[in-house]
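Visitor: Mind looking at a prediction? Sequence and model below.
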Amino acid sequence: MRESQSRPRTQAERRARTRAALLEAGAKGFSRYGYGNLVLEKVAADAGYTRGALYHLFRGKEELAVAVVDWVAERWEREVWEPAQRMTTPVDVLVELGRGHIVFCRRDIARVMMSLRVEFDGLEHPVGAKVAAIGKDLAARFGAVIAAGRRDGSIPPGPPAKTLGAAVTAAVEGLAIHLAGAPHDEMMAGRLVCGLLGVNADRP
């Protein structure tokens with residue numbers, strides 16, 4: 001590959017590449033060490049940049065954390081939510097979301113949401129509020145899919161759709177924390193979702 005092809009050619013491209021590297025390193029760092037124990041100098045070093053380069057793009061740990069949360073959420077949308085929407089029935093959509101989330105959580109970057117949620121639980125903090133808002137939005141969206149399944153008869157009556165949506169997201173996240181990457185993790189995620197929905201995991 002020629003040098004002109006391998007290196008960013010404009011300042012904007014260089015800035016974007018630096019930002020992407022810092023976000024990925026930040027996501028891994030928050031996942032492993034949490035917010036309070038994360039050292040920004042280590043994030044910069046892990047990304048291959050200086051502390052000054054990090055502060056040129058982010059004013060501090062809080063701004064980096066908010067950006068990391070947004071970055072991970074955007075990747076989850078592309079890699080998990082959007083592919084699942086191609087399924088033909090609400091049950092299949094929800095099962096695919098569960099399986100896709102487990103696959104997504106095999107990487108360190110994906111665990112940042114749960115790490116930060118636990119750390120900021122019960123505290124008033126912009127990062128915690130951001131993570132909590134994303135969780136509530138997901139529960140509502142899962143609930144909307146469940147409501148669609150109830151309307152077409154594929155999901156039986158039960159708890160309110162939004163409540164069940166929150167239960168599904170919480171259960172899948174819990175499974176991902178302990179078993180993402182373990183043998184049969186996708187299969188277990190699919191069966192977990194079916195069990196909460198009250199449908200047959202071995203349906204056609």
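Guide: Perfect, thanks for sending it.

Visitor: can we go C-alpha only for contacts and neighbour counts from here?
Guide: Will do.

Visitor: How many neighbouring residues does residue 124 have?
Guide: Using other Cα atoms under 10 Å, residue 124 has 9 neighbouring residues.

Visitor: now it: how far from residue 61?
Guide: 16 Å (Cα to Cα, to the nearest Å).

Visitor: Give the rounded mean pLDDT of the helix or strand harbouring residue 12.
Guide: Assessed by DSSP states H and E, residue 12 sits inside helix 11-33. The average pLDDT within helix 11-33 is 93.

Visitor: how about the helices in the chain?
Guide: Using DSSP state H, the helices of the chain run over residues 3-6, 11-33, 40-47, 51-57, 61-76, 82-84, 90-104, 112-120, 126-152, 161-179, 185-197.

Visitor: which one of those is the most hemmed in?
Guide: Mean neighbour count, computed with mean count of other Cα atoms under 10 Å, is highest for helix 90-104 among these, reaching a mean of 23.

Visitor: same for that helix, what does it pack against?
Guide: In this structure, helix 90-104 makes packing contacts with helix 82-84, helix 126-152, helix 161-179, helix 185-197, judged by 3 or more Cα pairs under 8 Å, 6 or more residues apart in numbering; DSSP states H and E.

Visitor: closest one to residue 105 among those?
Guide: Shortest distance between residue 105 and the helices and strands packed on helix 90-104, using Cα to Cα, is found for helix 161-179: 6.2 Å.

Visitor: mind saving the C-alpha coords of that closest one as PDB?
Guide: C-alpha atoms of helix 161-179 as PDB (Å, rounded to 0.1, in the frame of the first residue of the first chain):
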ATOM      1  CA  ALA A 161     -44.800  -4.600  27.100                       C
ATOM      2  CA  LYS A 162     -42.500  -1.800  28.400                       C
ATOM      3  CA  THR A 163     -41.900  -3.700  31.600                       C
ATOM      4  CA  LEU A 164     -41.200  -6.900  29.800                       C
ATOM      5  CA  GLY A 165     -38.900  -5.000  27.400                       C
ATOM      6  CA  ALA A 166     -36.900  -3.800  30.400                       C
ATOM      7  CA  ALA A 167     -36.700  -7.400  31.700                       C
ATOM      8  CA  VAL A 168     -35.400  -8.700  28.400                       C
ATOM      9  CA  THR A 169     -32.700  -6.100  28.200                       C
ATOM     10  CA  ALA A 170     -31.600  -6.600  31.800                       C
ATOM     11  CA  ALA A 171     -31.500 -10.300  31.500                       C
ATOM     12  CA  VAL A 172     -29.500 -10.300  28.300                       C
ATOM     13  CA  GLU A 173     -27.100  -7.800  29.700                       C
ATOM     14  CA  GLY A 174     -26.700  -9.900  32.800                       C
ATOM     15  CA  LEU A 175     -26.000 -13.000  30.700                       C
ATOM     16  CA  ALA A 176     -23.500 -11.100  28.600                       C
ATOM     17  CA  ILE A 177     -21.600  -9.900  31.700                       C
ATOM     18  CA  HIS A 178     -21.000 -13.500  32.900                       C
ATOM     19  CA  LEU A 179     -21.100 -15.600  29.800                       C
END
